[in-house]
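Enquirer: next input, structure requested:
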Amino acid sequence: MHTREEGMGKSKVLVVGGTGYIGRRMVMASLSQGHTTYVLQRPETGLDIDKAQMLLSFKKHGARLVEGSFSDHRSLVDALKLVDVVICTMSGVHFRSHNLLLQLQLVEAIKEAGNIKRFLPSEFGMDAARMGEALEPGRVTFDEKMRVRKAIEDAKIPFTYVSANCFAGYFVGNLSQMGTLFPPKQYVNIYGDGNAKVVFMDEDDVATYTIKTIDDPRTLNKIVYLRPPENILSQRELVEKWENLVGKKLEKITISADDFLASMKGLDFASQVGVGHFYHIFYEGCLTNFEIGEGGEEASKLYPDVKYKRMDEYLTLYL
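Expert: Predicted coordinates for the structure are as follows:
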């Protein structure tokens, strides 16, 4: 627990996209770490009852709702003037270029407000700077994130970029199978030799680590990689953890890189993007095939006090 005195020295935080998949966790982590926490309440929410209820539940937990709209620049600037740190968690899964435009608008508002000590744009996946050679059409994801980074750095806005790798909800419960979020019963597709090392993260831990970075001088203008050592696993190791839990072996079906890429044909845009990302993660090992160099920090080394969730424990949810 934080004392009131500790809380007074902490940055005030605005979460943009607070009702989203990672945003709602960011709001709760910010509150639990003692930050005065604002959530941008956008009129675009309209009659979305689930979002409205979530905003009210944040309020009950002590968050403050602040109205602001991307179609009203002044309202954004006014909201920013209330805080020190902005965390953007807007998802761009279906409308990527729309997300890009909104984030560029946010950068403009931060520039005008002039008081923001740290901006964390909507990243939380692979490090976009390392994905310049990514396959089309998924490459758009990284190109757009790099455009946002360029706008931030050109505007001299202090930043932290968080590379959170693979969210467990999307990659662990399903043993990294595409097209389902639950564990397969009989057989499992193994990508290539299944030995590429992947980093799997519990989403609540992503939020916990992210909030720890915002007042830390060591993470200023750096990329923070979430790579807790126990959660660096190959797909085969992940499958084995599940087999040990259920006491049953699954049949393994190996998919070659060529066959996997050929499966892209005829898929819709979002699915093609997904196949491309899976390819880079499971065939190329893009999450772990580099050393974190200058300009980067690893979260579990910075914050050894965080008791992050291991993936065998995460998998018990699915028993």
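Enquirer: all strands of the protein, in order?
Expert: With DSSP state E as the criterion, the chain has strands at 13-16, 37-41, 64-67, 85-88, 118-120, 160-163, 166-167, 187-191, 197-201, 222-225, 232-234, 251-255, 296-298.
Enquirer: what's the second one packed up against?
Expert: Judged by 3 or more Cβ pairs under 8 Å, 6 or more residues apart in numbering; DSSP states H and E, the packing partners of strand 37-41 are strand 13-16, helix 23-32, helix 49-60, strand 64-67. From N, CA and C alone the C-beta is placed, and that goes for glycine too.
Enquirer: thinking again about what came up before, let me have the strands of the chain in CSV, extended by mean neighbour count and mean pLDDT.
Expert: Formatted as CSV, the strands of the chain follow (neighbours: other Cβ atoms under 10 Å; pLDDT from 0 to 100):
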stretch, mean neighbour count, mean pLDDT
strand 13-16, 28, 98
strand 37-41, 25, 97
strand 64-67, 14, 97
strand 85-88, 27, 98
strand 118-120, 24, 98
strand 160-163, 24, 98
strand 166-167, 20, 98
strand 187-191, 19, 98
strand 197-201, 22, 98
strand 222-225, 22, 98
strand 232-234, 18, 98
strand 251-255, 12, 98
strand 296-298, 16, 98
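Enquirer: could you list the low-confidence segments of this structure?
Expert: 1-8, 45, 92-96 (pLDDT under 70).
Enquirer: which among the helices and strands packed on strand 37-41 is found nearest to residue 220?
Expert: strand 13-16 (15.8 Å; Cβ to Cβ).
Enquirer: what lines up beside the closest one in the sheet?
Expert: Next to strand 13-16 in the sheet, as set by DSSP bridges, lie strand 37-41 (parallel), strand 85-88 (parallel).
Enquirer: give me the residues contacting it.
Expert: Outside strand 13-16, the residues within contact range by Cβ atoms under 8 Å, 6 or more residues apart in numbering are 23, 26-27, 30, 35-40, 66, 79-80, 82-90, 106, 211, 214.
Enquirer: got it, and stretch 195-206?
Expert: So stretch 195-206 is contacted by 21-22, 25, 29, 124, 162, 164-169, 171-172, 176, 226-228, 231-236, 238, 281-285, 287-288, 306, 308-309, 311, 314 (Cβ under 8 Å, 6+ apart).
Enquirer: now list the buried members of those.
Expert: 22, 25, 29, 124, 162, 164-169, 171-172, 176, 226-228, 231, 233-236, 238, 281-283, 285, 287-288, 308-309, 311, 314 (16 or more other Cβ atoms under 10 Å).
Enquirer: quick one: contacts for the residue nearest in space to the middle of the chain?
Expert: For the chain, the residue nearest the mean C-alpha position is residue 124 (2.7 Å; Cα atoms, centre = their mean). Shown in contact with residue 124 (Cβ under 8 Å, 6+ apart): 22, 89, 162-164, 206, 210.
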